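Visitor: Dropping a prediction and its sequence here:
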Amino acid sequence: MSRQLTDHQHIEPAERPAMAPEAVARAMLDGFNRHYALFRYGAQRAKSLFESADWRGIQQLARERIAYYDTRVRECTSLLAAALKDSDARPSDAGERLTPQQVTYWQQVKACFIALLADHRQPECAETFFNSVSCRILHRDYFHNDFLFVRPAVATEYLDSKLPSYRVYYPAQEGLEESLLKLLADFGLAAPFADLPADTRALARMALRQLRADLPRGAGPRIAPDCQIHVLNSLFFRNKGAYAVGRLVNQGTVHPFAIALLQTPSGHVRVDALLHSSDDLSTLFSFTRAYFLVDMETPAAYVHFLNTLLPRKPKAELYTTIGLQKQGKTLFYRDFLHHLAHSRDAFDLAPGIAGLVMTVFTLPSYPYVFKLIRDRIAKDGMDHETVRRKYLLVKMHDRVGRMADTWEYSQVALPRRRFSPALLDALREQVPSLLEEDEDSVVLRHVYIERRMTPLNLYLARASDAMLEQAVKRYGDAIRDLAAANIFPGDMLFKNFGLTRLGRVVFYDYDEIQRMTEMRFRRIPPAPNPEAEMAAEPWYAVGPNDVFPEEFEHFLLSDPRVRHAFMRHHAALLDAGWWQACRERAAQGRIEDIFPYEDSRRLPAVPPHPRTSSAGLI
């Protein structure tokens, strides 16, 4: 019998019962599934855009896709916020700690989510999506494995698509040319090849030459009975190129390769190059390039395959280069926590000249730097929001192998005991608004993390004459490539550029970058009289976006060795006319031919790359 209420009993306003944990978990997985369906659709669109030579469409698609993830996270968070409003499961908006009942509830949500991943093809990415949504709901004190996937719950080893992620061909049985012909034809491109048999003959000759070079003397036939070619099912699209990525297994040795496909002006596909070393593939999948568009049902299978080709490249970077940058962030953070647990060195200020905008520190035993925007920026018109916009511009732009990608984090807790006293003093002085300290931790409210490189100014100071000349040439090449991609670096000092492991010069200081089309490149007009030329102030009007390239000489070329090398290779960069022509091409919508391989990797019958081309043409 139900108990009857008396007139003396007070009825408290009851909170609405919460959604069942299963329903919350399902809503999160539905949000991720929607995201990944759109992600795959984007890669499928890239194939048709390549077939129709719509290069501007591919670049636009690549930019738009970067925002997909955060949009779906916001949608899912808003849906759950509305569903849990006034319920006894929703934490306080003020970020208060959970009640014991809420602790149990949110742990049940995670358990239910794990159960839903039993047959999922992207479980690791779904876990990351769960983390992203949960971090917008829960207080930072709950950012650990009881509530989030700090460690993965579902193994992805040997996880594959319903159809295997890569195809296999047998050159010892079919012949190398025939295997390569089938390999390329099986991608099913709608655009016809210009001359596929001729391309495969040239590819086979190039591959055999490389196999001969790699085999020891007396090693037997170049194509052994065990020879196999494994190639991933989907092409990798970026800008004007499409790449077939695979490995040739011969006499027990794995030879990584990528075949570069381009379009001719007549709308035909041709094989342009064969990349055939780990360094070639490392350059192709570099952190300095735009993300690939590639259709993958099971990304873990693709990353595992790529890792066999590039064992030195962290899986975090591989996930990032194939467009799953949020998963890359998750893996980086896991690797970083693991490294912290197995090292003892201290975080300290990064070597080199301190910047006016960023405070940069590093952990010597770990190959990354941590960058925080200073509270007080000693540059006119520069503030936190402006700097963040510049970094977002780089994230969304075609980086053409010349700008380092960054991972952006919030609320990063690091062990206080690992900070050097000098670094703590610098952080307290320069970035107090981004710092939160307690007895055990230092919390960084906002930080950018990027690959550590050797600052170019430090490299030049100790380089031999030959090494210096090569580095200065590569520095000028970097500026030319940036300008061709419609990026003006702004601050071109050597300290803002670094050298990668492979010796490539890369720009990494973004607070003053602008699009070339926003700039006005001018020659300094003649002085009206000698007094004007000697005056402290210029005798000519200077607008906010005016640039006088002849002035570069004064702050770049004071070292005679640097000046000699620069003038030998890049004297044109001091000429306003060169910059004006480059700006004009960008304003006309031209897309330059900047490919991630040297001419030595191109098929012998293919002429060298033209330096420029009209939009949509090669």
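Guide: Structure received.
Visitor: Strands of the stretch 101-250 of the chain, start to end?
Guide: Along the stretch 101-250 of the chain, counting by DSSP state E, counting those that start in this stretch, strands occupy 166-169, 228-232, 236-238, 241-250.
Visitor: what helices or strands is the third one leaning on?
Guide: Meaning strand 236-238. With contacts taken as 3 or more CB pairs under 8 Å, 6 or more residues apart in numbering; DSSP states H and E, strand 236-238 sits against helix 21-51, helix 55-83, strand 241-250. (C-beta placed from N, C-alpha, C; glycine too.)
Visitor: which one of the ones you listed is the most hemmed in?
Guide: strand 241-250 (a mean of 23; mean count of other CB atoms under 10 Å).
Visitor: so what strands line up beside it?
Guide: On the basis of DSSP bridges, the sheet neighbours of strand 241-250 come out as strand 228-232 (antiparallel), strand 236-238 (antiparallel), strand 253-263 (antiparallel).
Visitor: got the angle for the longest one vs helix 21-51?
Guide: So that's strand 253-263. 60 degrees (axes from the mean of the first three to the mean of the last three CA atoms, to 10 degrees).
Visitor: helix or strand right after strand 253-263?
Guide: Next along the chain after strand 253-263, taking DSSP states H and E as the criterion, comes strand 269-275.
Visitor: Can you list the low-confidence ranges for the stretch 201-350 of the chain?
Guide: 215-221 (pLDDT under 70).
Visitor: please redo it, this time with the cut-off set to 90
Guide: Applying pLDDT under 90 to the stretch 201-350 of the chain picks out residues 208-226, 250-253.
Visitor: just the strands in the stretch 451-600 of the chain please.
Guide: Going by DSSP E, counting those that start in this stretch, the stretch 451-600 of the chain shows strands at 454-455, 487-488, 497-499, 505-507, 514-515, 520-521, 546-547.
Visitor: Oops, could you answer that again for the stretch 251-400 of the chain instead?
Guide: Going by DSSP E, counting those that start in this stretch, the stretch 251-400 of the chain shows strands at 253-263, 269-275, 348-349, 358-362, 368-373.
Visitor: want to try JSON lines for these, with mean neighbour count as columns?
Guide: Below are those laid out as JSON lines (neighbours: other CB atoms under 10 Å):
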{"stretch": "strand 253-263", "mean neighbour count": "21"}
{"stretch": "strand 269-275", "mean neighbour count": "23"}
{"stretch": "strand 348-349", "mean neighbour count": "16"}
{"stretch": "strand 358-362", "mean neighbour count": "21"}
{"stretch": "strand 368-373", "mean neighbour count": "22"}
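Visitor: Rebuild those as CSV, extending it with distance to Asn131.
Guide: What follows is those, written out as CSV (distance: least, CB to CB, whole Å):
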stretch, distance to Asn131
strand 253-263, 32
strand 269-275, 35
strand 348-349, 30
strand 358-362, 25
strand 368-373, 20
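Visitor: so which of those strands gets nearest Asp511?
Guide: strand 358-362 (7.3 Å; CB to CB).
Visitor: got the angle for that closest one vs strand 368-373?
Guide: Going by the same axes, to 10 degrees, strand 358-362 makes 160 degrees with strand 368-373.
Visitor: And strand 358-362, what does it pack against?
Guide: Counting contacts by 3+ CB pairs under 8 Å, 6+ apart, strand 358-362 packs against strand 348-349, strand 368-373, helix 421-430.
Visitor: Mind checking these for the one nearest to Gln514?
Guide: strand 368-373 (18.1 Å).
Visitor: quick one on the thing from earlier: the strands paired with strand 241-250: which one's closest to Thr359?
Guide: The nearest among the strands paired with strand 241-250, by CB to CB, is strand 236-238 at 33.3 Å.
Visitor: what's that closest one in contact with?
Guide: When contacts are defined by CB atoms under 8 Å, 6 or more residues apart in numbering, strand 236-238 is touched by residues 43, 46-47, 49-50, 58, 62, 242-245, 258, 289-294, 322.
Visitor: if I pick the closest residue to Thr321 other than its chain neighbours, what's in contact with it?
Guide: Once flanking residues are discounted, Thr321 sits nearest to Phe285: 4.7 Å by CB to CB, 6 or more residues apart in numbering. Residues in contact with Phe285 (CB under 8 Å, 6+ apart) are Leu306, Leu310, Lys313, Glu317, Leu318, Thr321.
Visitor: 10 Å instead, please
Guide: 236, 243, 245, 258, 292, 306, 309-310, 313, 317-318, 320-322, 596 (CB atoms under 10 Å, 6 or more residues apart in numbering).
Visitor: which one among those gets closest to His139?
Guide: Closest to His139, out of all of the contacts of Phe285 and judged by CB to CB, is Thr320, at 28.3 Å.
Visitor: so how far is Val303 from the residue lying closest to the closest one once chain neighbours are set aside?
Guide: Nearest residue to Thr320, sequence neighbours excluded (CB to CB, 6+ apart): Gly328, at 3.3 Å. Remark: distance between Gly328 and Val303 (CB to CB, to the nearest Å) = 10 Å.
Visitor: With His397 instead?
Guide: 25 Å.
Visitor: Between the two, which is the more surrounded one?
Guide: The residue with more neighbours, out of His397 and Val303, is Val303; 22 against 19, by other CB atoms under 10 Å.
Visitor: Apart from its neighbours in sequence, what residue is nearest the more buried one?
Guide: Here the residue nearest Val303, using CB to CB, 6+ apart, is Leu318, at 4.9 Å.
Visitor: wait, isn't the one you found in contact with Leu324?
Guide: Yes - using CB atoms under 10 Å, Leu318 makes contact with Leu324 at a distance of 9.0 Å.
Visitor: what residues do these two have in common as contacts?
Guide: Residues touching both Leu318 and Leu324 (CB under 10 Å, 6+ apart) are Pro299, Tyr302, Val303, Leu331.
Visitor: how about the nearest residue to the last one, chain neighbours excluded?
Guide: Right, Leu331. In space, and not counting its chain neighbours, Leu331 is closest to Ala316: 3.8 Å by CB to CB, 6+ apart.
Visitor: Could you tell me how many residues sit around that neighbour?
Guide: Neighbour tally, Ala316, other CB under 10 Å: 22.
Visitor: same question, Glu553
Guide: 15.
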